[in-house]
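A.B. asks: Predicted model, plus sequence, below.
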Amino acid sequence: MTDAAETFSDDDENQVLDAIRVWLDKEVRPEVKHFDHDDEYPHEIVQQMKEMGLFGLMYAPEDGGLGMSASAYARVITLITETWMSLAGVINTHMMLGVLIGRFGTDAQKAHFLPKLASAELHGVLCLTEPDAGTDLQGIKTVAKKDGDQYVLNGSKMWITNGMYGSLYAVLTKTDPSATPAHKGMTLFLAERGPGFNVDGKLKKLGYRALESVALSFSDFRIDADRILGGEEGHGFHHAVGGLELGRINVAARGVGIARAAMNDAVRYSQERTTFGKPICEHQSIQIKLADMATRVEASRLLVEQAAGKYDRGERCDMEAGMAKLFASESALSNATEAMRVHGGYGYSEEFDIERYYRDAPLMCIGEGTNEIQRVLIARQLVKRNPV
């Protein structure tokens, strides 16, 4: 990764956004219902994303990326989400892995992996969550035991985005299960597939369809010691949470995209639908809904801009990213619900996009740390930053 704010200009951003708008309208929008309703992975669309450089947005130009800032990246994610949220998830873990390697990797790891990730020769995946450990990462049970110059991994991971079609997996393990506190015994490995690496199946979901979420397992999976991120045991927990700010900014930007799409569809429909001799946008009850929806969109957008701006300046932004993620995701859920009510029975039909927003939005309230834990973390930071 790079100091993107100095290398990616406003003109560059506008050109990228314009190109993405054209691509979304021409190639993606006509296909969304098919892939979403059939829960079918969009291989051709993902290939187009690779060819457009969307997997290298925040990677440094010297690694073959575009050098985009987090602020510009958030706007790209919002734009993509307005058409189809699942595609934003294809990029998210890939970008987070690049951040982790850029921040914590050895020189050899950076030189080897970052150009391949920037070009999408490798597709990055984060393997943190387990069947009994989500928000509480210190509760993971996947173990890596040292054996000469290698480690032997055993355990399982759950809800792994891009897990079926990914190629470079950051796997959080315990190299010292007896460590106290537990995070001191955790290590993150950069793994590629091999004997003992198993994709156990695609998980069926309410929303966020087409993009695969899978269960993985490791059965005596061997990996060389030089694949430890950073080269030393015991820093895996710190490394894993080190990418969460960008992940939460991504989820917040997706929240803005869903909230805005739901609002735009509701405004359009309210102008076309008439009851009692006039468009329903002239009824006060509908106007109140539209006003609240618009306010949520703008407030969410500004919170995302604040968090991304601090991220770009290298300032601490865990509280701001958490606030953006919390508010924008709840706004997405509220707007999707209200848009469905504006549409009435049509909003409940698969012929309209509203029902997809309604299915996709709840994930934003759960992903990258539940909103319940976001509130706890925000409060703790608020107290810490304002000592008596």
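C.D. replies: All right, it came through fine.

A.B. asks: Just list the residues touching the residue nearest the centre of the chain, thanks.
C.D. replies: Closest residue to the average C-alpha location of the chain: residue 92 at 3.9 Å, with Cα atoms, centre = their mean. Applying Cβ atoms under 8 Å, 6 or more residues apart in numbering, we find residue 92 in contact with 77, 161, 247, 250, 251. (C-beta placed from N, C-alpha, C; glycine too.)

A.B. asks: give me every residue that touches the second one.
C.D. replies: In other words, residue 161. Shown in contact with residue 161 (Cβ under 8 Å, 6+ apart): 89, 92, 93, 125, 126, 211, 212, 213.

A.B. asks: coming back round to it: list just the nearest of the contacts of residue 92 to residue 38.
C.D. replies: residue 161 (18.9 Å; Cβ to Cβ).

A.B. asks: Helices of the stretch 1-150 of the chain, residue ranges please.
C.D. replies: Using DSSP state H, counting those that start in this stretch, the helices of the stretch 1-150 of the chain run over residues 4-7, 10-23, 32-38, 43-51, 70-83, 85-104, 107-118.

A.B. asks: So for residue 271, which of those helices sits nearest?
C.D. replies: Taking Cβ to Cβ, helix 70-83 is the member of these nearest to residue 271, at 18.7 Å.

A.B. asks: which other residues reach the closest one?
C.D. replies: Contacting residues not belonging to helix 70-83 are listed as 4-5, 8, 13, 16-17, 20-21, 24, 28-29, 32, 54, 57-58, 68, 87-88, 91-92, 95, 246, 249-250, 252-254, 256-258, 260-261, 264, 301, 304-305, 308-309, 311-312 [Cβ under 8 Å, 6+ apart].

A.B. asks: so residue 165 makes contact with residue 123?
C.D. replies: Yes - contact criterion Cβ atoms under 8 Å: residue 165 and residue 123 qualify, at 6.6 Å.

A.B. asks: Compare those two and say which is more crowded by neighbours.
C.D. replies: Taking neighbours as other Cβ atoms under 10 Å, residue 165 and residue 123 compare with residue 123 leading, 20 against 15.

A.B. asks: Can you read off the pLDDT for the residue of the chain most remote from its centre?
C.D. replies: Distance from the centre of the chain peaks at residue 277, with 44.5 Å (Cα atoms, centre = their mean). Turning to residue 277, the model gives it a pLDDT of 95.

A.B. asks: Could you measure from it over to residue 194?
C.D. replies: Distance of residue 277 to residue 194, given as Cβ to Cβ, to the nearest Å: 69 Å.

A.B. asks: And for residue 100?
C.D. replies: Residue 100 is 21 Å from residue 194, by Cβ to Cβ.

A.B. asks: repeat for residue 254
C.D. replies: In this view, residue 254 and residue 194 are 33 Å apart by Cβ to Cβ.
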